[in-house]
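Got a sequence here, can you build the structure:
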Amino acid sequence: MNHGSSIKDADAPVNLANLPQELRAPAQEIEALIAQGQFEAGIASMQKLARSSGDPVLMLRLIALRAQGLKQAMQPLELQPMYDASAHLDDPDALQARLSRDGYLFLRDVIPAQALRQLRKQITTILADEGWIEGGDKQDEALAVSRPRREGQRRYFQAHDRIIRLEALHSLAHNNALMALMRNVLGPSVFPHPLSIVRLVFPQSPELATPPHQDYPNNQGTADLTAAWIPLADCPIQQGSLAVLEGSHKFGVLPLKFHLGAGNRRAVLGEQLAGLRWVGADFKLGDVLLFPSLTVHKAMENLSKRNMRLSVDFRFQREGEALTSGCLQPHFERISWEDIYRGWESTRYQYYWQNKNYVEVPWNAALHELPPDHYDEAYEQEMAFNLLFNARSEA
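Numbers count the residues shown, from 1 in each chain. Below is the predicted model:
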């Protein structure tokens, strides 16, 4: 199969005359389903027929349908403004009530800019050295010069394995202003997981944007686990800030499907969530977004010309509550804590969680599992992304 074929040709319905006779009738039925608007059923049937027959025309059509599905998933959201809870920063009761009602807290100017700029400079130095972004006097702008890298790829980990060692990354979770906020939200015994996460989001690759999901299947433990998402520069909606499905934390754990974005999983949003509002904001340096692990959230597409979106997120919980062992490991578990701590200037935040009180509970693999056919879908989405990315590049 020639994956360099024109996407315009692939977008067209199957030319039945080019198919073997035994494939014409089922292909015709599938195209009729798609024409009637039953896209998900049509693509599932096309996958089964194309995979079982190995017909190159049907395989090309399947990849094109996957590309259409990726484009449909990126239909612009009508975001409503996030509620700015900054006025309640020192009012624990108000913060907790708002978080319980809406499933998120958005607060302005919480983290001192100097700490964020220091970490950003260290990250962009690594990215420039790895050939992801321009160096020199343009380094701080994080202007991408390479094809998008994504989680799981060797070149992605070449940079990430260096970033995850940064003392400034892990220390930021303990920032005095951030910890004061988290104590007001979760109580005096709150502590951050050592699992510190950095997001490296390329521009002009909207198919790779983190899809709607919940953190609970990834972390598990207590449902009150609360994430703090922090951009490392001003981050308007058009550059990929986070959006939240307001009130979605009240609907339990949702089923999962494969997605190319971070985590490779998206939540399946059923009809019970249909009336909820998506909310978002243009973030400024120092702003913080908090949400519990059952809140559905997503990254908006980074539509800037060249600027990468760099952000971090940390997880917090109260002492005495449940957590799983993975929350005590470095992100992706590729490097040991001993290797990460080598060369740090201070031991203050090394192994600090060993002095905390928590209940370690078993990981429930069923909450994180994908449908059995996800390997095929992953390959097909990868091919579809290449079609779309190459089409944009040629344009």
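
Kindly report the domain assignment for the chain.
7-73+380-394, 80-112+168-363 (automatic domain parsing).

Now for R51, how many residues are close by?
R51 sits with 15 neighbouring residues when counted by other Cβ atoms under 10 Å. The way it works is simple: take the backbone N, C-alpha and C, and place the C-beta from them, glycine included.

how about the helix or strand where it lies as CSV, C-alpha atoms only?
For R51, the host element (DSSP states H and E) is helix 39-53. What follows is helix 39-53, C-alpha atoms only, in CSV (Å, rounded to 0.1, in the frame of the first residue of the first chain):
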residue,chain,number,x,y,z
PHE,A,39,-19.6,7.1,10.8
GLU,A,40,-18.5,5.0,13.8
ALA,A,41,-20.3,2.0,12.6
GLY,A,42,-19.1,2.5,9.1
ILE,A,43,-15.4,2.8,10.1
ALA,A,44,-15.7,-0.3,12.3
SER,A,45,-17.1,-2.3,9.4
MET,A,46,-14.6,-1.0,7.0
GLN,A,47,-11.8,-2.0,9.4
LYS,A,48,-13.1,-5.5,9.6
LEU,A,49,-13.5,-5.9,5.8
ALA,A,50,-10.2,-4.2,4.9
ARG,A,51,-8.2,-6.2,7.5
SER,A,52,-9.8,-9.6,6.6
SER,A,53,-9.4,-9.1,2.9
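
Report all helices and strands that it contacts.
Applying 3 or more Cβ pairs under 8 Å, 6 or more residues apart in numbering; DSSP states H and E, one finds that helix 39-53 contacts helix 21-35, helix 56-73, helix 374-394.

Now with 6 Å, please.
With contacts taken as 3 or more Cβ pairs under 6 Å, 6 or more residues apart in numbering; DSSP states H and E, helix 39-53 sits against helix 21-35, helix 56-73.

can you list contacts of that helix?
23, 26, 30, 33-34, 58-59, 62, 65 (Cβ atoms under 6 Å, 6 or more residues apart in numbering).

Next: stretch 169-185.
Against stretch 169-185 from outside (Cβ under 6 Å, 6+ apart): 92, 95, 110-111, 115, 190, 192, 196, 314, 316, 349.

Can you list the buried residues in that stretch?
169-173, 175, 178, 181-182, 184-185 (16 or more other Cβ atoms under 10 Å).

All the strands of the stretch 101-250 of the chain, in order from the start?
Along the stretch 101-250 of the chain, counting by DSSP state E, counting those that start in this stretch, strands occupy 105-107, 191-192, 197-201, 226-231, 242-245.

Partner strands of the last one and their direction?
Strand 242-245 has the following sheet partners, assigned by DSSP bridges: strand 278-280 (antiparallel), strand 297-299 (antiparallel).

Lowest average pLDDT across these?
With a mean of 95, strand 297-299 has the lowest mean pLDDT of the strands paired with strand 242-245.

Determine the set of other helices and strands touching the following helix or strand past it.
Scanning forward in sequence from strand 297-299 by DSSP H and E, the next helix or strand is strand 309-317. Helices and strands touching strand 309-317, by 3+ Cβ pairs under 6 Å, 6+ apart, are strand 197-201, strand 226-231.

will you turn these into CSV that also has distance to S304 and mean pLDDT?
Shown next, in CSV, are the helices and strands packed on strand 309-317 (distance: least, Cβ to Cβ, whole Å; pLDDT from 0 to 100):
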stretch, distance to S304, mean pLDDT
strand 197-201, 10, 96
strand 226-231, 13, 98
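
Contacts made by stretch 343-355 with the rest, please.
In contact with stretch 343-355 (Cβ under 6 Å, 6+ apart) are residues 167, 170-171, 174, 194, 341.

coming back round to it: tabulate the domains of the chain (TSV), appending distance to P372.
Below are those laid out as TSV (distance: least, Cβ to Cβ, whole Å):
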stretch	distance to P372
domain 7-73+380-394	13
domain 80-112+168-363	11
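
Return the most buried member of these.
domain 80-112+168-363 (a mean of 18; mean count of other Cβ atoms under 10 Å).

Give me the distance from it to the chain's centre.
10 Å (Cα atoms, centre = their mean, to the nearest Å).

end to end, how far does that domain reach?
36 Å (Cα to Cα, to the nearest Å).

ranges for the helices of the stretch 151-300 of the chain?
154-163, 167-172, 176-186, 216-219 (DSSP state H, counting those that start in this stretch).

Can you lay out those helices as CSV showing distance to A299 and mean pLDDT?
Listed next are these as CSV, based on distance: least, Cβ to Cβ, whole Å; pLDDT from 0 to 100:
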stretch, distance to A299, mean pLDDT
helix 154-163, 16, 96
helix 167-172, 19, 98
helix 176-186, 21, 98
helix 216-219, 15, 95
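
returning to what we had before: quick check: which of the strands paired with strand 242-245 is nearest to N18?
N18 lies closest, by Cβ to Cβ, to one member of those: strand 297-299, at 39.0 Å.

nearest spatial neighbour of K305, skipping sequence neighbours?
Excluding the flanking residues, the one nearest K305 by Cβ to Cβ, 6 or more residues apart in numbering is P203, at 6.4 Å.
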